[in-house]
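>>> just need the structure, nothing else, for what follows:
(one chain, ligands or ions: 1)
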Amino acid sequence: MFREKLSNAPYMTSFDDVYIVPGRASLEPREVDVRTRFSSSIELLVPIASSPMDTVTGSELAIALALHGAIGVVHRNCSVDEQLEMVKRVKEFPPYPLRALYAEFNEPCSRVLESLRNEGLRDLPVIRDGRVVGYVSVTELLEHCRDNPLKPVGEIVAKSSAKPHRLFTLANIREARREVLEGRIDAVAITSSDGMYVGTLTLREALEEYTPLTDDDGRLRVAAAISPFDVARAKVLERYVDAFVSDVAHFHNVNVLKASRNLVRDISRDFIAGNVGTYEAVVDALTTIEVVHGFRVGIGGGSICITSEVCGAYVPTLWAVASVRDALEDHGAGSIPIIADGGIRTPGDAVKALAAGASSVMLGYVFAGTDEACAPLIAIGGRLYKPYRGMASRGAMARRYALDRYARISKRIAEGIEGLVPYRGPVSKVLREFVEGIKAGLGYAGASSIKELWEKARFGRTLKKYTPQDLIPRLR
Ligand code: XMP
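Below you'll find the model as predicted:
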């Protein structure tokens, strides 16, 4: 009986065990469409999310990711107020970075003229008490400055013919950008929905290559980690987040399932259940919780996880994804998106996860070394690093909210480690490498989209893995 259990144990495939077998391609990699779903109602422009960890996702990383079509999941290893503050900062950040470029109502026109010349602009918005009252143009300033260089610019605005008279808000910022790119206006004031000045968009900002991921009001999208037991926190965050991502190490637990059922009844945002790693966990989740808008998949596969050593439990992320996708398909829930979470280090791993049925991938290690990750930069022996720690490491657990996620802390067991990762520079660069790699991977598989990858991808194995890195001496 026990011997049978061992000898019948299934072989659980992980990233290094298989490769994508190239297929017939009809598109160039740059034509591949990598748009996908993060959750039932949230689309991503690129299939990438960040891990909710206190050395990874705060507002800075979430903003940078959303500006490039991905999504950040803000960590919860902090007070509700701190988490709310981070989420609000993302929502209040303009979807195209703006500059504080304006004239104050009482500013002398000679000074405003100088600013316009320095910036090489024709028009400038004029602000009074935080509101845009109009625009002035260089021509008008020149005219008035001749008579009285100290004349307050506000007095000119009333008679100004400078464009635009139309107000642009965060919701229609894309139109403002188009106007700027097409040369109709050269400095547009963007306001919030209640008319307060947010910033100015000029050609310099409009030319930057951003593909912002925005909600229906034009604000950047952001998700937040939550414990299914923490309804109070969810209620506080609900107004500002697009989705809640369950942040529980072992979601397949009767109490967690029941708590999630109650939470989902109480909140109006998408709820992504996790972490799960098996077919059975998904079946139980689908039967217990009325609506699940996504699954976060992977148990013990993270780079900082020691769950397999400490507890003996582990499902390789690739295997977990395939198991969850099968369960969803078998139960008529094939449209529910899966986030592959843990152990994804390269774009190649991401392609394999997507090919095994994931809709997006979640990255902790990869983002931990970027400028925007929420840990300080450290220099050691002339090299730069950033701290990275598991949310069930001793350090992270010392903070209150990690207690919820890894209940075994009551037994004083850490399931994560703390360390340093090499500094990688801006996240936009790392993201671009990943997206390009994923597109190229889809290209090899002969797929034009992630959905097509699910159908077309074939996996192959080798007896022993030889990568070019094994065969040529390492350069560093
Ligand atoms: P990577 O490989 O991207 O994995 O660094 C990040 C994911 O690891 C999970 N996580 C943990 N798992 N102990 C664990 O067993 C931990 O302390 C821990 N902290 C994070 C989490 O799913 C994350 O997204």
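
>>> going by C-alpha atoms from here, please, whenever you check contacts or count neighbours.
Noted.

>>> show me the shaky parts of the stretch 51-200 of the chain.
The stretch 51-200 of the chain contains residues with pLDDT under 70 at 158-166.

>>> would you map the strands across it?
Applying DSSP state E, counting those that start in this stretch to the stretch 51-200 of the chain gives strands spanning 73-74, 103-104, 123-128, 131-137, 168-169, 187-191, 197-202.

>>> ok, which of these comes nearest V435?
Smallest distance to V435 across those (CA to CA): 18.5 Å, for strand 73-74.

>>> ok, residues contacting the closest one?
49-53, 57-59, 62, 83, 86-87, 222-225, 245 (CA atoms under 8 Å, 6 or more residues apart in numbering).

>>> one more time with 6 Å, if that's ok
Strand 73-74 has contacts (CA atoms under 6 Å, 6 or more residues apart in numbering) with 50, 52, 57-58, 223-224.

>>> hmm, that strand touching the ligand?
No. Residues of strand 73-74 are not located near the ligand by CA under 6 Å from any ligand atom, the shortest gap being 9.4 Å.

>>> how about the residues of the stretch 251-400 of the chain near the ligand?
Listed as neighbours of the ligand in the stretch 251-400 of the chain under the rule CA under 6 Å from any ligand atom: 300, 302-307, 341-344, 363-365, 390-393.

>>> what do you get if the cut-off is 5 Å, keeping everything else the same?
Within the stretch 251-400 of the chain, the positions adjacent to the ligand are 300, 302-303, 305, 307, 342-343, 363-365, 390-393 by CA under 5 Å from any ligand atom.

>>> quick one: which of the residues you listed is most hemmed in?
Neighbour count (other CA atoms under 10 Å) singles out M391 as the most crowded of those, with 32 neighbours.

>>> three-state assignment of that residue?
Here M391 is recorded as coil under DSSP: H, G, I helix; E, B strand; the rest coil.

>>> pull the residues that contact the helix or strand hosting F434.
F434 is part of helix 427-445 when elements are defined by DSSP states H and E. Here helix 427-445 makes contact (CA under 6 Å, 6+ apart) with 22-23, 29, 32, 347, 351, 370, 457.

>>> does stretch 205-224 come close to the ligand?
No. Using CA under 5 Å from any ligand atom, stretch 205-224 stays clear of the ligand, coming no nearer than 12.5 Å.

>>> excluding chain neighbours, what is closest to the most centrally placed residue in the chain?
Taking CA atoms, centre = their mean, the centroid of the chain lies closest to I71, which sits 1.9 Å from it. In this structure, I71 finds its nearest non-sequential neighbour in A49, 4.8 Å apart by CA to CA, 6 or more residues apart in numbering.

>>> what's near enough to touch the one you found?
A49 neighbours (CA under 6 Å, 6+ apart): 70-72, 362.

>>> what residue in the stretch 101-250 of the chain comes nearest to the ligand?
Residue nearest to the ligand within the stretch 101-250 of the chain: A249 (6.9 Å; CA to the nearest ligand atom).

>>> ok so, going back, out of the strands of the stretch 51-200 of the chain, which gets nearest to D330?
strand 73-74 (28.9 Å).

>>> where along the stretch 151-300 of the chain do the helices fall?
Ranges of helices in the stretch 151-300 of the chain, per DSSP state H, counting those that start in this stretch, are 153-157, 173-181, 203-207, 231-237, 254-266, 279-288.

>>> in terms of secondary structure, what does the last one contact?
Counting contacts by 3 or more CA pairs under 6 Å, 6 or more residues apart in numbering; DSSP states H and E, the secondary-structure elements packed against helix 279-288 are helix 317-330.

>>> please redo it, this time with the cut-off set to 8 Å
When contacts are defined as 3 or more CA pairs under 8 Å, 6 or more residues apart in numbering; DSSP states H and E, helix 279-288 sits against helix 254-266, helix 317-330.

>>> repeat that for the first one.
Helices and strands touching helix 153-157, by 3+ CA pairs under 8 Å, 6+ apart, are strand 103-104, strand 123-128, strand 131-137, helix 138-147.

>>> and of the ones you listed, who's closest to A285?
strand 131-137 (49.3 Å).

>>> can you tell me the closest non-neighbouring residue to V126?
Once flanking residues are discounted, V126 sits nearest to A103: 4.7 Å by CA to CA, 6+ apart.

>>> oh, I was asking about H75
P52 is the one closest to H75 (CA to CA, 6+ apart), at 4.0 Å.

>>> mind listing what's buried in stretch 224-241?
224-229, 231, 233-234, 237-238, 240-241 (16 or more other CA atoms under 10 Å).

>>> quick check: mean pLDDT of stretch 447-467?
For stretch 447-467, mean pLDDT rounds to 88.

>>> run through who's touching it.
The contact list for stretch 447-467 (CA under 8 Å, 6+ apart) reads 16-23, 25, 27, 31-36, 354-357, 359, 442, 445-446.

>>> mark which of the residues you listed are buried, thanks.
Buried members of the contacts of stretch 447-467, scored by 16+ other CA under 10 Å, are 18-20, 22, 32-36, 354-357, 359, 442, 445-446.

>>> next step: these restricted to helices.
354-355, 442, 445 (DSSP state H).

>>> pairing partners for the helix or strand where F38 lies, with directions?
Under the criterion of DSSP H and E, F38 resides in strand 36-39. Partner strands and pairing direction for strand 36-39 (DSSP bridges) are strand 42-44 (antiparallel).

>>> so after the strand it pairs with, what's the next helix or strand?
Next along the chain after strand 42-44, taking DSSP H and E as the criterion, comes strand 48-50.

>>> how far off centre is that next one?
The chain centre lies 5 Å from the centre of strand 48-50; the measure is CA atoms, centre = their mean, to the nearest Å.

>>> next, count neighbours for the spatially closest residue to A100 that is not a sequence neighbour.
Closest residue to A100 apart from its sequence neighbours, by CA to CA, 6+ apart: G199 at 5.1 Å. Per other CA under 10 Å, the neighbour tally for G199 reads 22.

>>> likewise the one 10 residues further on?
Counted with other CA under 10 Å, the burial measure for E209 works out to 10 neighbours.

>>> again with E85
When neighbours are counted by other CA under 10 Å, E85 registers 16.

>>> give the residue farthest from the middle of the chain.
Of all residues in the chain, D147 sits farthest from the chain's C-alpha centroid, using CA atoms, centre = their mean; the distance is 53.5 Å.

>>> ok, I71 touching A224?
No. Counting by CA atoms under 8 Å, I71 sits too far from A224 to count as a contact (10.2 Å).

>>> hang on, the residue nearest to H75 packs against I71?
No. The criterion here is CA under 8 Å, and P52 misses it with I71 at 10.9 Å.
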